[in-house]
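Trainee: what's the 3D shape of this:
(one chain, ligands or ions: 3)
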Amino acid sequence: MSTVENHGENSNTGILPINLPLDFSSIQSIPESHAWSESNNDNQIKNNGSSSLALPIIDLNDPNVMDQIGHACEEWGAFQLKNHGIPKNIIEKLEVETKRLFDLSKEQKMKALRTLNYPTGYGTVWITPFFQQRMWQEGFTIHDSPVDDAKKIWPDDYQIFCDAIKKFQDESMLLIEKLIHLSFKYLGISEEEKENWIGNNHAGAIQLNSYPICPKPEKAMGIVAHTDTSIFTLLNQSQVSGLQVFKDDAGWFTVPLEPNTVVINTGDVLHILSNARFKSALHRVTVNSVKHRYSMVYFYRPIMKHVVAPLVSNNPRFRALTFKEYVAMKNKHFDKTLSIISVKED
Ligand SMILES: C=C1C[C@]23C[C@@]1(O)CC[C@H]2[C@@]12CCC[C@@](C)(C(=O)O1)[C@H]2[C@@H]3C(=O)O
Ligand SMILES: O=C(O)CCC(=O)C(=O)O
Ligand SMILES: [Fe+2]
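Mentor: Ligands and ions are numbered 1, 2, ... in the order given. Okay, the predicted model is just below:
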């Protein structure tokens, strides 16, 4: 029997609502709605062979850490970071809670189903409507506090989950503020300006991702290629690899599992602030047929009213706009947004 079947769900007509993930617990084969064509899901990866190119691994305690971060952001828009200072037990507790959440029944998770208007809770990733095919993924999104959504799922037992989230949120925020400090210094941005982008002028969001075992991984997509709407994003890919980063002129690179490291990537906002000197990393997620994969992601973003514009050149490549306007444009134009706000050269 073919492992690609049509289960009567048509992602265009929306039999499976756009915000609702597939019930992966009852799936033995890939429905047509989740099968991607080879061209969308090219598995050509570059670091399986002899190539010496690899995503940088940076030690936060290295005396040259500022230059290393600057170069990595220019070349890749991403790096792996060791000696990052987030205690191991905080990451482990978050992994346990993430698994506890996604292991619940579909009915239980749907109690916190995110709606189309309000982006927190259980559901598909918000870029889902841009594609005909669905992704092999379920997510849980947290803006500010997880308490309201966690109470819907575990009315009497939400605190352990919320504590795990809060600790990861606080540690990630502090770490990213160090990275902002280093990267702004590298770019020659003043201390005063830096203060505009941290502390009360920032907002944090968390995305927990689950990528169940897939019967035909070469036909499926965990999360399709995208850039993040953040200043920096911090990611723990737990115990199973699957994240890939695109490098110009070289192709897709799988980010290997490195013990005790977190993955950091530059988002669209820092790409704009740096006047395109730093890349906004294009990345995607593949799935596999052996292990269920989970990831935990923290997005460091400006508050909505903050004005985003290049800080480093008198020849700006992007027009100024509020972060709220940027998010609204990305909701409409997705990967075209950066080019729409770019200033045309005469
Ligand atoms: C803070 C956010 C970034 C994000 C949109 C969100 O409001 C919450 C989820 C994030 C995520 C995770 C998966 C990929 C992504 C593009 C998506 O669809 O939802 C990102 C969003 C983003 O960075 O734009
Ligand atoms: O699961 C991963 O490794 C990446 C997830 C991701 O890119 C995201 O949540 O924005
Ligand atoms: Fe991402």
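Trainee: show me where pLDDT drops low in the stretch 101-250 of the chain?
Mentor: The stretch 101-250 of the chain contains no residues with pLDDT under 70.
Trainee: find the closest residue to ligand 2 in it.
Mentor: As assessed by CB to the nearest ligand atom, ligand 2 sits closest to Leu243 within the stretch 101-250 of the chain, at 3.6 Å. Using the backbone N, CA and C atoms, a C-beta is placed for each residue, glycine as well.
Trainee: how near is the residue lying closest to that residue once chain neighbours are set aside to ligand 2?
Mentor: Leaving aside its chain neighbours, Leu243 sits nearest to Val255 (4.4 Å; criterion: CB to CB, 6 or more residues apart in numbering). Using CB to the nearest ligand atom, to the nearest Å, Val255 is found at 8 Å from ligand 2.
Trainee: residues near Val255, how many?
Mentor: 22 (other CB atoms under 10 Å).
Trainee: let me see the contact set for it.
Mentor: Counting by CB atoms under 8 Å, 6 or more residues apart in numbering, Val255 touches Leu55, Ala78, Gln80, Gln237, Ser241, Leu243, Gln244, Val245, Val263.
Trainee: counting neighbours, which of the residues you listed comes out on top?
Mentor: Neighbour counts for the contacts of Val255 (other CB under 10 Å) peak at Ala78, which has 27 neighbours.
Trainee: quickly list what that residue is bridged to.
Mentor: Asn265 (DSSP bridges).
Trainee: pretty sure it sits against Ala281.
Mentor: Yes - contact status for Ala78 versus Ala281: in contact at 4.2 Å, counting by CB atoms under 8 Å.
Trainee: so what's in contact with those two at the same time?
Mentor: Common contacts of Ala78 and Ala281 (CB under 8 Å, 6+ apart): Val245, Asn265, Thr266.
Trainee: and the next helix or strand past the longest helix anywhere in the chain?
Mentor: The longest helix of the chain (DSSP state H) is helix 159-187. The helix or strand immediately downstream of helix 159-187 is helix 191-195, counting by DSSP states H and E.
Trainee: rewinding a little: export the shared contacts of Ala78 and Ala281 to TSV and tack on distance to ligand 1?
Mentor: Shown next, in TSV, are the shared contacts of Ala78 and Ala281 (distance: CB to the nearest ligand atom, whole Å):
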residue	distance to ligand 1
Val245	14
Asn265	10
Thr266	12
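Trainee: tell me which parts of the stretch 201-346 of the chain are close to ligand 1?
Mentor: Within reach of ligand 1 by CB under 6 Å from any ligand atom, the stretch 201-346 of the chain has these residues: Ala205, Gln207, Ile223, His226, Asp228, Thr229, Ser230, Phe299.
Trainee: and the closest residue in space to the third one that isn't next to it in sequence, how far from Ile176?
Mentor: In other words, Ile223. Of all residues not flanking Ile223 in the chain, Val285 sits nearest, at 4.3 Å (CB to CB, 6+ apart). According to CB to CB, to the nearest Å, Val285 stands 21 Å off from Ile176.
Trainee: go on, Ile153?
Mentor: Taking CB to CB, one finds Ile153 at 28 Å from Ile176.
Trainee: and what of Thr128?
Mentor: Counting by CB to CB, the gap from Thr128 to Ile176 is 27 Å.
Trainee: mind checking which of these two has more residues around it?
Mentor: Between Thr128 and Ile176, counting by other CB under 10 Å, Ile176 is the more crowded of the two (23 against 20).
Trainee: the residue nearest to the more buried one when sequence neighbours are not counted: how many residues sit nearby?
Mentor: The shortest distance from Ile176 to any non-neighbouring residue, by CB to CB, 6+ apart, is to Tyr300 (4.2 Å). Neighbours of Tyr300 under the rule other CB under 10 Å: 26.
Trainee: what does the stretch 101-250 of the chain put close to ligand 2?
Mentor: Residues of the stretch 101-250 of the chain lying close to ligand 2 (CB under 6 Å from any ligand atom) are Gln207, Asn209, Ile223, Asp228, Leu235, Gln237, Gly242, Leu243.
Trainee: contacts for the host helix or strand of Val245?
Mentor: Assigned by DSSP H and E, Val245 belongs to strand 243-247. Here strand 243-247 makes contact (CB under 8 Å, 6+ apart) with 45-46, 53, 55, 75-78, 225, 235, 237, 252-255, 263, 265, 281-286, 295.
Trainee: Asn206 touches Phe168, doesn't it?
Mentor: I think there's a mix-up here, since residue 206 is Ile and not Asn. Yes - using CB under 8 Å, Ile206 is in contact with Phe168, at 7.1 Å.
Trainee: need the distance between the two termini of stretch 142-157.
Mentor: Start and end residues of stretch 142-157 are separated by 18 Å (CA to CA, to the nearest Å).
Trainee: just the buried residues of it, please?
Mentor: Across stretch 142-157, burial judged by 16 or more other CB atoms under 10 Å covers Ile142, Pro146, Asp149, Ala150, Lys151, Lys152, Ile153, Trp154.
Trainee: right, and the second one touches Ile165 too?
Mentor: Yes - using CB under 8 Å, Pro146 is in contact with Ile165, at 4.8 Å.
Trainee: what residues are shared contacts of those two?
Mentor: Joint contacts of Pro146 and Ile165 (CB under 8 Å, 6+ apart) are Ile206.
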